[in-house]
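*Asks:* kindly return the folded structure for what I paste below:
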Amino acid sequence: MKIAISGKGGVGKTTIMAIIARELKKLGKDVLIIDADPSPHMAETLGITESERITPIADMTKLLAERSEKTPGSPFYQLNPQVNDLLEEFMIEKDGMKLMVLGAIQKAEGGCACPESHVLRKMLKKMLLTADEVVLLDMEAGVEHLGRGTVAGVDHLLIVVIPSKSSIRTALKIKKLAGEVQIPNISFVGNLVQDEEDKNFLEEGLDVRPIAFFPDSSAVRKAERNETPVINIDDQLEDAPLKLIKYFFP
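*Replies:* Below you'll find the model as predicted:
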């Protein structure tokens, strides 16, 4: 199964994705996480201290030149169909969880991430997974990745939304665009929820009830402020992680 997560900036999608990865690992799943955010920090969230060992696709300029070239007179990038070797070449593993980093534009006017996005899109479409393998894709904030069709190869898109009107507006736009690129399953996940009023606010604004609600957790905030791995917290988060896992694996 290939699961992507998206949402407005600051809603906590990376934290939730890391916690999902932890719970899937407990179930014995083989978990690969792909950090496709231009400002990647999944490594820190997972407690991977040697993140400098990860070679992002964006840094592999020669490989990208070979595999992602524009056809003369066309705006589209062409890709060598063989991409399986990328999985090992750009991967690091810790505690049974594998991590890849798509890369980032590190300077102003660094250009479009289109070649990297094209490689990722092809990888997702060509990956054949067993029942015990799960790919988790942490997308960049907002809707640009949907405009590039990066997540077109996923099975399910989780849209993280917090109890605010701006977050709901972004979430609904993401849902609309995700439908246009024909992602088969799209669900909302509430985060930073304090009470039943927040849950009802989200349900009314989204016109559907999120499949899980993550509480506004002081344990998560402390972990992030202390730069300790979020996956190590003991807070059960009101069983929200378990509800999500049961949703995917009843």
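*Asks:* mind listing the strands for the chain?
*Replies:* 2-7, 30-36, 69-70, 77-78, 91-94, 97-101, 133-139, 156-161, 185-193, 213-215 (DSSP state E).
*Asks:* so the longest one versus strand 156-161, what angle?
*Replies:* With axes from the mean of the first three to the mean of the last three CA atoms, to 10 degrees as the criterion, the two stretches strand 185-193 and strand 156-161 enclose an angle of 30 degrees.
*Asks:* and strand 185-193, which residues are buried?
*Replies:* Neighbour counts using 16 or more other CB atoms under 10 Å place Ile186, Ser187, Phe188, Val189, Gly190, Asn191, Leu192, Val193 of strand 185-193 among the buried residues. Bear in mind the C-beta positions are built from the backbone N, C-alpha and C, glycine included.
*Asks:* from Asp30, how far off is Ala171?
*Replies:* 30 Å (CB to CB, to the nearest Å).
*Asks:* neighbour-wise, which of the two wins?
*Replies:* Ala171 (25 against 16; other CB atoms under 10 Å).
*Asks:* next up, the contacts around the more buried one.
*Replies:* With contact taken as CB atoms under 8 Å, 6 or more residues apart in numbering, Ala171 is in contact with Gly7, Lys8, Ile159, Val160, Val161, Phe188, Leu206.
*Asks:* tell me how far the residue nearest to the fourth one when sequence neighbours are not counted lies from Arg221.
*Replies:* In other words, Val160. Of all residues not flanking Val160 in the chain, Gly7 sits nearest, at 3.7 Å (CB to CB, 6 or more residues apart in numbering). Using CB to CB, one gets 18 Å for the distance from Gly7 to Arg221.
*Asks:* who has more neighbours, those two?
*Replies:* Higher neighbour count among Gly7 and Arg221: Gly7, with 25 against 13, using other CB under 10 Å.
*Asks:* for the more buried one, which residues are in contact?
*Replies:* By CB under 8 Å, 6+ apart, the neighbours of Gly7 are Lys13, Ala141, Ile159, Val160, Val161, Ser167, Thr170, Ala171, Ile174.
*Asks:* the second one touches Gly9, doesn't it?
*Replies:* Yes: distance between Ala141 and Gly9: 3.6 Å, which falls inside the contact criterion (CB atoms under 8 Å).
*Asks:* please consider this matter closed, and thank you.
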